[in-house]
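1. below is the sequence, then the predicted model.
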Amino acid sequence: MIIYIDLIILINFIIDGLLLISVDLLLKRNTKLRRIIIASLLGSLSTLLLFTIKSSLVLLLLKLLVSILMVIISFGYKSFKHFKDNLFWLYIISIILGGSIYLVSNQISLTNNGLVFSKNGFKINLILLIIITPIILTKYLKNIKNFKNTYSNYYDVDIYYRGEKVSDTGFLDTGNKLIDPFFGTPVILVNKELIKKKVNTFFIPYHVLNDEGILEVFKPDKVVINKKITKKVLIGLSDVSLNGVKIILNMEVI
């Protein structure tokens, strides 16, 4: 098998650059492009170690050292957490990309007896690396950002009332701005099924977009949201259920 070292270095340079750019976009580091180029060049030149070092352990340690240097060159060292997050996501994105390319490569390279994909080894893999790598990284970044935006709105909620505690997951709905019109107290909507104990309730009028009516509420002793205690709040009893979540939080209590 003929190995073109210059081509391998170029491909690794491109992929390392895309990986570092992905980390930069995901963590919003706003690093300069020249730093990424220098780090990518270091990473691509390190592939020469494959042809000079025989020990797997030594090679692994050198690869780890190179990845650490790449992260420091690209994003600097501002704190251990800053450095750790950069390195962690570099590895995670690399694993996602490597696994995705391996899967697609195997599917395309499979030989069949009927109308088949040709197994043309290096040429097919080269095309995959050049074309599919940006697509995979773009899709991954988009999905992980959507995931972060969605799940950052989930909170641990404990509702205390006369010695009883109800614990569940709450979702912060930016559209929930319900307040008691008499005293201006914010209202958290809770599915009736969660409240097992009899509570003393009263009714307040409410008005939201395209809907108005009367809501049954009660005053809890306190509500703890992600360890933050609030007492100025009402619990509104309803049939609410949003993707399995039965507590809809109010913007005023976060």
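-> Great, that's in hand.
2. what's residue 220 in contact with, if anything?
-> Residue 220 makes contact with 159, 160, 161, 233, 234, 235, according to CB atoms under 8 Å, 6 or more residues apart in numbering. The way it works is simple: take the backbone N, C-alpha and C, and place the C-beta from them, glycine included.
3. tell me where the stretch 1-150 of the chain has helices.
-> Remark: helices assigned in the stretch 1-150 of the chain by DSSP state H, counting those that start in this stretch are 5-27, 33-45, 56-75, 80-109, 122-151.
4. so what does the second one touch, helix or strand wise?
-> The one in question is helix 33-45. Under the contact definition 3 or more CB pairs under 8 Å, 6 or more residues apart in numbering; DSSP states H and E, helix 33-45 sits against helix 5-27, helix 56-75.
5. closest one to residue 199 among the ones you listed?
-> Smallest distance to residue 199 across the helices and strands packed on helix 33-45 (CB to CB): 44.6 Å, for helix 5-27.
6. tabulate the helices of the stretch 1-150 of the chain (JSON lines), appending distance to residue 205, mean pLDDT and mean neighbour count.
-> Shown next, in JSON lines, are those (distance: least, CB to CB, whole Å; pLDDT from 0 to 100; neighbours: other CB atoms under 10 Å):
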{"stretch": "helix 5-27", "distance to residue 205": "45", "mean pLDDT": "87", "mean neighbour count": "18"}
{"stretch": "helix 33-45", "distance to residue 205": "57", "mean pLDDT": "93", "mean neighbour count": "17"}
{"stretch": "helix 56-75", "distance to residue 205": "53", "mean pLDDT": "90", "mean neighbour count": "16"}
{"stretch": "helix 80-109", "distance to residue 205": "48", "mean pLDDT": "81", "mean neighbour count": "15"}
{"stretch": "helix 122-151", "distance to residue 205": "32", "mean pLDDT": "72", "mean neighbour count": "13"}
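7. which of the contacts of residue 220 sit farthest apart?
-> Spatially, the most separated pair among those is 160 and 234, at 13.8 Å (CB to CB).
8. neighbour count winner among these two?
-> Taking neighbours as other CB atoms under 10 Å, residue 160 and residue 234 compare with residue 234 leading, 23 against 16.
9. isn't the more buried one up against residue 223?
-> No. Taking CB atoms under 8 Å as the definition, residue 234 is not a contact partner of residue 223, at 9.6 Å.
10. overlap in contacts, the two.
-> Taking CB under 8 Å, 6+ apart as the contact rule, residue 234 and residue 223 both touch residue 188.
11. dihedrals phi and psi, residue 197?
-> The phi/psi pair for residue 197 (degrees, to the nearest 10) reads phi -80, psi 150.
12. an error on my part: the question was meant for residue 157.
-> The phi and psi values for residue 157, taken as degrees, to the nearest 10, are phi -120, psi 130.
13. ok, now which ones touch residue 87?
-> If a contact means CB under 8 Å, 6+ apart, then residue 87 has 67, 68, 71 as its contacts.
14. gap between it and residue 80?
-> Distance check for residue 87 against residue 80: by CB to CB, to the nearest Å, it reads 10 Å.
15. distance to residue 131 added to the contacts of residue 87, as CSV?
-> Output for those, formatted as CSV (distance: CB to CB, whole Å):
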residue, distance to residue 131
67, 25
68, 30
71, 27
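16. just list whatever residues bridge to residue 234.
-> For residue 234, the beta-bridge partners under DSSP bridges are residue 187.
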